[in-house]
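>>> Show me the folded form of this:
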Amino acid sequence: MSMDKGIELHPTLGVNPRMTFCPRCGGDGPELVLVGRDNAKYTCPECGAVHLGRPDNVPEQLYRGCQKCGSRYDRGWERRELSEFEKLPGSLCADCEKEIEEHQELVAQGGVYWRCAECGKQGVIRAGDYASAVRESAKIAAPDPVGVEFERCSEHEANA
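Residues are numbered from 1 along each chain as shown. Here you go, the predicted structure:
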C-alpha cells in the first residue's frame, strides 16, 4: 500500500477503528488507531515480537521481516484475528508521562532508579543514604542517571 492511496478498508469493518492502551501501565491510551484491513496480530516464532497487520503480497525484496530480530514471515508465524473490542498498544498516557518526568527530576536530585526482577515493578528511590551509597558504588554522580535491580520484592519494599 502506498501512502497516496490512504488506508485500505476492511471488507466488513471499514476503517476498523481501535482504542489504544498505555504500554507502561495498561490504562487507556491517548490515540484512536485506524487499522483498516490489517485486522490480525502476527507473532514472530524467533523472538516472540507481536506485529499488527502482516503485509500481504509484498515482494520479498521490499519486505524486511520482524522489526525486532529480522526473521522472515515465511518461517511459521502465528496469526491471530483481533477480537471485536481489542485495544492496541499506543503511546504513553498523560499520567505515565508525568510520572516519568517526576522520576527524572528525582534522579537528577540524587535519587536512583530501581526495578524488581521478581514482580517487574519500577520506580525511584529518593536521595538519601541508600541512594548515595548506590551512586558512590557505581561512581556516578547526580544529575546523571543510575539504577539498581532488586531480585525480590522484599528488597525494594524496605527501600522504595
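>>> then the strand ranked longest in the chain to CSV, C-alphas only?
Of all the segments of type strand in the chain, defined by DSSP state E, the longest one is strand 28-34. Included here for strand 28-34 are C-alpha records, laid out as CSV according to Å, rounded to 0.1, in the frame of the first residue of the first chain:
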residue,chain,number,x,y,z
ASP,A,28,-6.4,3.9,28.3
GLY,A,29,-4.1,5.3,25.7
PRO,A,30,-4.5,8.7,24.0
GLU,A,31,-5.0,7.5,20.4
LEU,A,32,-7.5,6.0,18.2
VAL,A,33,-5.9,3.8,15.5
LEU,A,34,-7.5,3.1,12.1
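>>> Just checking: what are the partner strands of it?
Partner strands for strand 28-34, per DSSP bridges, with pairing direction: strand 17-21 (antiparallel).
>>> Residues touching the partner strand, excluding its own?
27-35, 82, 85-91 (Cβ atoms under 8 Å, 6 or more residues apart in numbering). Glycine gets a C-beta too; all of them are placed from N, C-alpha and C.
>>> Got a PyMOL select line for the buried ones in those residues?
Selection command for PyMOL covering only the buried members of the contacts of strand 17-21, criterion 16 or more other Cβ atoms under 10 Å:
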select buried, resi 29+33+35+82+88+90
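>>> Pull up the pairing partners for the helix or strand just after the longest strand of the chain, direction included.
Scanning the chain past strand 28-34 towards its C-terminal end, the next helix or strand to appear is strand 40-43 (assignment: DSSP states H and E). Each strand that pairs with strand 40-43, with its direction, by DSSP bridges: strand 50-52 (antiparallel), strand 78-81 (antiparallel).
>>> How about the longest one, which residues are buried there?
Burial within strand 78-81, assessed by neighbour count using 16+ other Cβ under 10 Å, is assigned to no residue.
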